Structure formats: C-alpha cells, structure tokens
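Trainee: Sequence first, then the predicted structure, then my questions.
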Amino acid sequence: EDKVVQSPLSLVVHEGDTVTLNCSYEVTNFRSLLWYKQEKKAPTFLFMLTSSGIEKKSGRLSSILDKKELFSILNITATQTGDSAIYLCAVRSNAGNMLTFGGGTRLMVKP
Amino acid sequence: KAGVTQTPRYLIKTRGQQVTLSCSPISGHRSVSWYQQTPGQGLQFLFEYFSETQRNKGNFPGRFSGRQFSNSRSEMNVSTLELGDSALYLCASSFQVTNNEQFFGPGTRLTVL
C-alpha cells in the first residue's frame, strides 16, 4: 500500500522566517509528487515534481525531489501571514490521476 | 479560464438518504477525480473518470458511485447515508490521464444528521 508521510505535523513561525516542510513516500511505481496549499476549502496547486534534483520555484516557494531517498521538501522563505495554511504532499503512483495524500503540515505564521 | 466548479457547496442530509454531488471540470479537461476529506482520515481518493469511463477506484464501499458525461461533467452519488459520510467532497480535474497537474474545486460540505 502506498504511503506518504509529512513532517512536522504543525509549525509556528514568525513573519520573515524560512521554513522547510518534509514529505517522504513509499510507493510501488512512482510517477510524480505534487504539493498543494489548503487554506479554507480547495487545495491550491503549487508544484508537480517528476525528476530528482531539479528545483521548482515560484516566488518565495521552492521544492525539490530526491527519488533515491524517496522524499521531497518544500521551502518557504521570508514567510508572511498569508502563508498560514495546511500544506499537502501527494504522490501519483499508477496509471491515471489517483493521488495518495500525506496528512499535511499545518503552518502558522505570526506577525 | 474558469476553475473547477462544484454544486452544491453545502448539503445537510439525514441517515439513510441518498445524495448526488456535481462537478464541472476546467474547460478542456477530460479527467475528473473525486476525493473525500475528513479530519480523521485526511484526503482519500474515491474514483477517477476519463472519457465517461471509470479508470481507478479507491477503497470505499459500493454505496459510493459516480459517472461522467460526454461533456466531462461528473456526478458522484452516495446512497444510504451514514453519519461517517459527513465530509468535504472534493473534485479535481486534469487535462488527461497522463502525468498532469490536478486542480481542485471548492468542494461540497456534506453533513449527515
């Protein structure tokens, strides 16, 4: 059974801090790893990673995948209160679009 | 481009009833997946449709079913509702069934009393 584990479970930081969120996985046939941000309702797509070592970047957010060690990290620099959310990691491991999600990391950014 | 839309946004039902939820994917997207989100179990995959065919199914009882229409809109149905079916039901659309990004709709909050 595919498994995705995120750490830490929750995190409280102050504005301006840099945070690193972790996602490790055990899947039988890895195809891609996706990061989402969930505030009130719908998860918002952040990144999709398929290749090891290639950093994806969007503004203050970046992510990288290590397929040998089976993990990914999501970095947020110069955090803002608007970054407060649950960050979800998901892995696609078979044909089709079925995603297996981790439990999420709840990030709170204090002013 | 309009995003994924889901209707209704909120629903209250009683045990034993049935419910139908609707999802319209992003224009041009042909793959629709459904997920259930609860505080205890997190986000869990229900099923996926592409070109009106179910491609994958998660580990849910037969009370949960779905379908997709020729315009890619999808519906999911839950029969004989149980209290544990109370959840946020999320729909996600992708362009195809290959390795594409998936975009989520706002969800339908179902409460079973």
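Mentor: Ah, there it is.
Trainee: Could you list the residues of chain A in contact with chain B?
Mentor: A:31-32, A:34, A:36, A:41-45, A:48, A:50, A:88, A:90, A:92, A:94-104 (CB under 8 Å from any CB of the partner chain). All C-beta atoms are positioned from the backbone trio N, CA, C, and that covers glycine.
Trainee: just checking, which of these belong to strands?
Mentor: Within the residues of chain A next to chain B, residues falling in strands by DSSP state E are A:32, A:34, A:36, A:44, A:45, A:48, A:88, A:90, A:92, A:99, A:100, A:101.
Trainee: separation between the last one and residue B:66?
Mentor: Note on residue A:101: its distance to residue B:66, by CB to CB, to the nearest Å, is 19 Å.
Trainee: before we move on, back to that, buried only: go through the residues of chain A next to chain B for me.
Mentor: A:32, A:34, A:36, A:41-43, A:48, A:88, A:90, A:92, A:96-104 (16 or more other CB atoms under 10 Å in any protein chain shown).
Trainee: Most widely separated two among the ones in strands among the residues of chain A next to chain B?
Mentor: The largest separation in those, counting by CB to CB, is between A:44 and A:100 at 18.8 Å.
Trainee: so the spatially most central residue of chain B is in which element?
Mentor: In chain B, the residue lying closest to the centroid (CA atoms, centre = their mean) is residue B:34, at 3.3 Å. If you go by DSSP states H and E, residue B:34 is part of strand B:31-38.
Trainee: after that strand comes which helix or strand?
Mentor: strand B:42-50.
Trainee: and that following strand, how far out from the chain's middle?
Mentor: 7 Å (CA atoms, centre = their mean, to the nearest Å).
Trainee: ditto for stretch A:101-111
Mentor: With CA atoms, centre = their mean, you get 10 Å for stretch A:101-111.
Trainee: Mind listing residues that contact that stretch?
Mentor: A:4-15, A:17, A:19, A:21-23, A:25, A:38, A:76, A:79-90, B:35, B:42-44 (CB atoms under 8 Å, 6 or more residues apart in numbering or on different chains).
Trainee: For the helix or strand of chain B with the lowest mean pLDDT, list the C-alpha coordinates in CSV.
Mentor: Every helix and strand of chain B was ranked by mean pLDDT, DSSP states H and E. The lowest is strand B:53-57, at a mean of 91. What follows is strand B:53-57, C-alpha atoms only, in CSV (Å, rounded to 0.1, in the frame of the first residue of the first chain):
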residue,chain,number,x,y,z
THR,B,53,-15.1,5.5,-18.1
GLN,B,54,-14.1,4.8,-14.5
ARG,B,55,-10.3,4.5,-14.6
ASN,B,56,-9.5,3.9,-10.9
LYS,B,57,-11.5,3.3,-7.8
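Trainee: can you give me the angle that strand makes with strand B:31-38?
Mentor: 40 degrees (axes from the mean of the first three to the mean of the last three CA atoms, to 10 degrees).
Trainee: Within the sheet, what are the partner strands of the very next helix or strand once past strand B:53-57, with directions?
Mentor: Counting by DSSP H and E, the next helix or strand C-terminal to strand B:53-57 is strand B:64-68. Here strand B:64-68 is paired, per DSSP bridges, with strand B:74-78 (antiparallel).
Trainee: picking up where we left off before, any idea how many residues pack against the closest residue to the residue nearest to the centre of chain B other than its chain neighbours?
Mentor: Leaving aside its chain neighbours, residue B:34 sits nearest to residue B:46 (4.1 Å; criterion: CB to CB, 6 or more residues apart in numbering or on different chains). Using other CB atoms under 10 Å in any protein chain shown, residue B:46 is surrounded by 22 other residues.
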